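Student: Sharing a model prediction with you, sequence too.
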Amino acid sequence: GSCAQPLNVVKGIDLERYQGRWYEIASIPSRFQPKNGMNTTATYKLNPDSTVSVLNETWVDGKRASIEGTARKSDPNNDEAKLQVRFWVPPFFPVIPVTGDYWVMLLDEENYSWALVGQPSRKYLWVLSRTPKMNEDIFSLIIEHAQREGYDVDRLRKTTQSEAAADADSDAQLAPATDKGGWWVKSILGK
């Protein structure tokens, strides 16, 4: 099938502009994500050594769950937007890093207001936006692109982003991460 074709990725991504908070609009969820998570966000911060700190947050049954990691370019000398993300898994000792590919397939290169992220196995896919809602026309174009790239877009799930979440952003920072790491294990075990 089309999976033999290499995945097309963005070239010349500016990680400084890419950093900050992104809302997950839809995803083919990875096993790291709770199935019923809502108001899911990813926050990226560029570090002085060119790595990127990653904080993924979601709300499950009213509790905040989060996982942290670090991303770096797979090949610093290549201008393709291919990153590797390592998540540090808290519930295990010693801490086990889980590494995954993070390839930016499409990007609003003018404003950095939306992005499509996937990886070469085409198992996982994320549609990210700077706002909790995305223009439907843009969303459709992004999904069409993913389909052309060999993704099974029927597996894509829309992420619930409640209006309240956007307003509660500042409060959310203070909310305790009650279930840090626990959801991660549950989702892997499929419980």
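Tutor: Looks like it came in fine. Residues are numbered from 1 along each chain as shown.

Student: Residue 103 is in contact with residue 84, isn't it?
Tutor: No - Residue 103 lies out of contact with residue 84 (Cβ atoms under 8 Å); the separation is 9.8 Å. Bear in mind the C-beta positions are built from the backbone N, C-alpha and C, glycine included.

Student: Mind listing residues that contact the helix ranked longest in the chain?
Tutor: Across the chain, the longest stretch assigned as helix under DSSP state H is helix 136-148. Contact partners of helix 136-148, identified using Cβ atoms under 8 Å, 6 or more residues apart in numbering, comprise 25, 26, 105, 106, 114, 116, 118, 125, 127, 153, 156.

Student: Is there a quick PyMOL command that grabs whichever of those residues are buried?
Tutor: Those of those that count as buried under 16 or more other Cβ atoms under 10 Å are selected in PyMOL with:
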select buried, resi 25+26+105+106+114+116+118+125+127+153+156
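
Student: Tell me which two in the contacts of helix 136-148 are the farthest apart.
Tutor: Greatest spacing in the contacts of helix 136-148, by Cβ to Cβ: 114 and 153 (16.3 Å).

Student: Now do residue 17 against residue 10, distance only.
Tutor: 12 Å (Cβ to Cβ, to the nearest Å).

Student: Counting neighbours, go ahead and name the busier of those two.
Tutor: The residue with more neighbours, out of residue 17 and residue 10, is residue 10; 19 against 12, by other Cβ atoms under 10 Å.

Student: Who are the contact partners of the residue nearest to the more buried one when sequence neighbours are not counted?
Tutor: Nearest residue to residue 10, sequence neighbours excluded (Cβ to Cβ, 6 or more residues apart in numbering): residue 81, at 4.2 Å. Contact analysis of residue 81 by Cβ under 8 Å, 6+ apart lists 9, 10, 11, 12, 13, 103, 104, 107.

Student: again, only using 6 Å
Tutor: 9, 10, 13, 104 (Cβ atoms under 6 Å, 6 or more residues apart in numbering).

Student: so which pair among the residues you listed is furthest apart in space?
Tutor: 9 and 13 (8.8 Å).

Student: what comes up buried for the longest helix of the chain?
Tutor: By 16+ other Cβ under 10 Å, the buried positions in helix 136-148 come out as 139, 142, 143, 146.

Student: now swap in stretch 41-52 and tell me
Tutor: For stretch 41-52, using 16+ other Cβ under 10 Å, the buried residues are 41, 42, 44, 46, 51, 52.

Student: What's the end-to-end length of it?
Tutor: 16 Å (Cα to Cα, to the nearest Å).

Student: hmm, who's touching that stretch?
Tutor: Residues contacting stretch 41-52 (Cβ under 6 Å, 6+ apart): 15-16, 19, 21-23, 53-57, 70-72.

Student: and that stretch, average pLDDT?
Tutor: Here stretch 41-52 scores 96 as its mean pLDDT.

Student: How about stretch 144-164?
Tutor: 91.
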